[in-house]
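Novice: Okay, sequence plus prediction incoming.
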Amino acid sequence: MQSQNRWRLSLMMFLQYAIWGAWSPDLSVYLKKIEFADTQSGVIYSLLPVGCMLAPFVAGQLADRYFATEKLIGILHLTGGVLMFLMAGVTNYHQFWPLMLAWSIVYGPTLALTNSLCFHHMPEAEKEFGVVRVWGTIGWIVVGLALSKLLRIVAPDLLGGLGGFDGLWLAGFLSIALGLFSFALPHTPPAKTRGNPWAFLSALKMLRDPQFAIFIAIAFVVATELMFYFVLTAPFLESVGVAKGQAPAWMTIAQAAEILTMLALPWMMTHWGIRKTMLVGILAWPIRYLVFAFGQPLWLVLAALSLHGLCYVCFFTVSYIYVNQVAEPDIRASAQGLITFVILGVGMFLGSLFAGWVSETFGVTRADGSKDYTQVFLVPLVLTVICAVAFTLGFRERGVGKAQAEPARP
């Protein structure tokens, strides 16, 4: 891959995940402050997955067949920036969720499209993708530290003076920046062949392979448990002693570990292969939730955040690489849309609602008004243990043949 392309793709990933990282870590704390119920917060967090569920039907098909990927990314992010600005000052639930849904519909597809664009320009994706994708993690860290340690302490009026939630304002500015920069990304035209006008249906046919079907099923369940981290970690950290407003800064421990894991990914892929690397990722989940369930000492809870590197990179990032390997070249954008649909779409959608419900049902209010999350985190602990056992026994690394992924007929 040319160095000029590498820095452009890296900056794309930096901004792509900085947008998400600007609001996601402590939006739940803000929503609690403006008196949203836990179930309402769960609904809000479930809306980005809704956008991801629509990604294969819209963005994947358009990028595979009709529009240059970089232009589509640019238009979607410019639209998303405007929606973020509109949402930032809203405090009413019934006005908030439609705006979040609209933003999610335009942002969700870009998660698959940015991966697809990278793979298009990477002759050796197994070695090159991790080095580029790590900048997305760096973007998440930088924006979390900038929000917690700079904008909220050194210059609290810079974004706070605009009213509402400063994380959403920051996300809006970052989205506009990426929208404009996208038009300078490497040109990625749609596929020239028109033999398969229904690329997403071909991606679905990959499920005929039993190993791919097992992989998709486990990825779905693991994705539901990811939302316990995204929705509940910030309020959980405050309940065990982290200062109010500082959860995003502490949560950058997870992203720092993600960077190290991403840099080590080429070595792991070379020496362990896809199956063993993903298994390491799955096993890290129940360990983290076990520590969260105990909730003490604080240093151990904060140290357990570092397991997010293994959890996310070794399973989810490797999942994108695996799908790119087994998909036919002419449907790879739609195949990325399929895995995005499963992980960031339906999995995280149901996981958001599930996490909100579990928190309200099993969370115990202490005498001082804080919440005890012990029983809450036992739920994802059990489910991820089941996933680890099922993956160990059921999944074997094997590609999908052309017979399983033949083009769908119009």
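Specialist: Good, I have the coordinates.
Novice: quick check, distance from stretch 257-275 to the centre of its chain.
Specialist: Offset of stretch 257-275 from its chain centre (C-alpha atoms, centre = their mean, to the nearest Å): 18 Å.
Novice: hey, C-alpha coordinates of it in CSV?
Specialist: C-alpha atoms of stretch 257-275 as CSV (Å, rounded to 0.1, in the frame of the first residue of the first chain):
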residue,chain,number,x,y,z
ALA,A,257,-4.8,-1.4,25.3
GLU,A,258,-6.7,-1.6,22.0
ILE,A,259,-3.8,0.2,20.3
LEU,A,260,-1.2,-2.2,21.7
THR,A,261,-3.4,-5.2,20.7
MET,A,262,-3.9,-3.7,17.2
LEU,A,263,-0.2,-3.3,16.7
ALA,A,264,0.3,-6.9,17.8
LEU,A,265,-2.4,-8.2,15.6
PRO,A,266,-0.2,-9.0,12.5
TRP,A,267,2.0,-11.2,14.8
MET,A,268,-1.1,-12.9,16.3
MET,A,269,-2.6,-13.5,12.9
THR,A,270,0.6,-15.0,11.6
HIS,A,271,1.4,-17.2,14.6
TRP,A,272,-2.1,-18.1,15.8
GLY,A,273,-4.4,-17.8,12.8
ILE,A,274,-7.9,-16.4,12.8
ARG,A,275,-9.5,-19.1,15.1
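Novice: contacting residues around it?
Specialist: Residues outside stretch 257-275 that contact it (C-beta atoms under 8 Å, 6 or more residues apart in numbering) are 126-127, 130-131, 133-134, 137-138, 141, 277, 280, 305-310, 312-314, 317-318, 321-322, 325, 395-397. C-beta coordinates here come from the backbone N, C-alpha and C atoms, glycine included.
Novice: got the contact list for residue 246?
Specialist: residue 148 are the contacts of residue 246 under C-beta under 8 Å, 6+ apart.
Novice: ok, back up a step: quick one: buried ones out of the contacts of stretch 257-275?
Specialist: 126, 130-131, 133-134, 137-138, 141, 277, 280, 305-310, 312-314, 317-318, 321-322, 325, 395 (16 or more other C-beta atoms under 10 Å).
Novice: Those in helices, which ones?
Specialist: The members of the buried ones among the contacts of stretch 257-275 that map onto helices under DSSP state H are 126, 130-131, 133-134, 137-138, 141, 277, 280, 308-310, 318, 321-322, 325.
Novice: Would you mind checking the average pLDDT for stretch 95-105?
Specialist: Here stretch 95-105 scores 94 as its mean pLDDT.
Novice: Buried residues in it, which are they?
Specialist: Within stretch 95-105, the residues that qualify as buried are 96, 97, 99, 100, 101, 102, 103, 104, 105, counting by 16+ other C-beta under 10 Å.
Novice: so what's the fourth one closest to, chain neighbours aside?
Specialist: Closest residue to residue 100 apart from its sequence neighbours, by C-beta to C-beta, 6 or more residues apart in numbering: residue 47 at 4.7 Å.
Novice: likewise the third one?
Specialist: If the residues on either side of it in the chain are set aside, residue 99 comes closest to residue 87, at 4.1 Å by C-beta to C-beta, 6+ apart.
Novice: neighbours around that neighbour, how many?
Specialist: The criterion is other C-beta atoms under 10 Å. On that basis, residue 87 has 23 neighbouring residues.
Novice: low pLDDT regions in the stretch 301-410 of the chain?
Specialist: 333, 398-410 (pLDDT under 70).
Novice: can you map out the helices along it?
Specialist: In the stretch 301-410 of the chain, the segments counted as helices under DSSP state H, counting those that start in this stretch are 308-311, 318-326, 332-340, 348-362, 374-394.
Novice: Please render these as JSON lines that adds distance to residue 179 to the earlier fields.
Specialist: Rendered in JSON lines, the data for those read as follows (distance: least, C-beta to C-beta, whole Å):
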{"stretch": "helix 308-311", "distance to residue 179": "28"}
{"stretch": "helix 318-326", "distance to residue 179": "23"}
{"stretch": "helix 332-340", "distance to residue 179": "20"}
{"stretch": "helix 348-362", "distance to residue 179": "24"}
{"stretch": "helix 374-394", "distance to residue 179": "35"}
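Novice: quick one on the thing from earlier: so which helix or strand takes in the residue nearest to residue 99?
Specialist: Residue 87 belongs to helix 69-88 when assigned by DSSP states H and E.
Novice: Could you tell me the average pLDDT over that helix, please?
Specialist: 93.
Novice: Can you point out the buried residues in that helix?
Specialist: Buried residues in helix 69-88 (16+ other C-beta under 10 Å): 69-74, 76-85, 87-88.
Novice: got it, and stretch 315-332?
Specialist: So stretch 315-332, judged by 16+ other C-beta under 10 Å, has buried residues 315-328, 330-332.
Novice: how about that stretch as PDB, C-alpha atoms only?
Specialist: The C-alpha atoms that make up stretch 315-332 are tabulated as PDB, following Å, rounded to 0.1, in the frame of the first residue of the first chain:
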ATOM      1  CA  PHE A 315     -12.700 -10.800  18.000                       C
ATOM      2  CA  PHE A 316     -14.400  -8.000  16.200                       C
ATOM      3  CA  THR A 317     -11.500  -6.500  14.200                       C
ATOM      4  CA  VAL A 318     -10.400 -10.000  13.200                       C
ATOM      5  CA  SER A 319     -14.000 -10.800  12.200                       C
ATOM      6  CA  TYR A 320     -13.900  -8.000   9.600                       C
ATOM      7  CA  ILE A 321     -10.600  -9.500   8.200                       C
ATOM      8  CA  TYR A 322     -12.200 -13.000   8.200                       C
ATOM      9  CA  VAL A 323     -15.200 -11.900   6.300                       C
ATOM     10  CA  ASN A 324     -13.000 -10.000   3.800                       C
ATOM     11  CA  GLN A 325     -11.100 -13.300   3.200                       C
ATOM     12  CA  VAL A 326     -14.000 -15.500   2.600                       C
ATOM     13  CA  ALA A 327     -16.200 -13.200   0.600                       C
ATOM     14  CA  GLU A 328     -16.100 -13.100  -3.200                       C
ATOM     15  CA  PRO A 329     -14.400  -9.900  -4.500                       C
ATOM     16  CA  ASP A 330     -17.600  -8.600  -6.200                       C
ATOM     17  CA  ILE A 331     -19.600  -8.600  -2.900                       C
ATOM     18  CA  ARG A 332     -17.000  -7.600  -0.400                       C
END
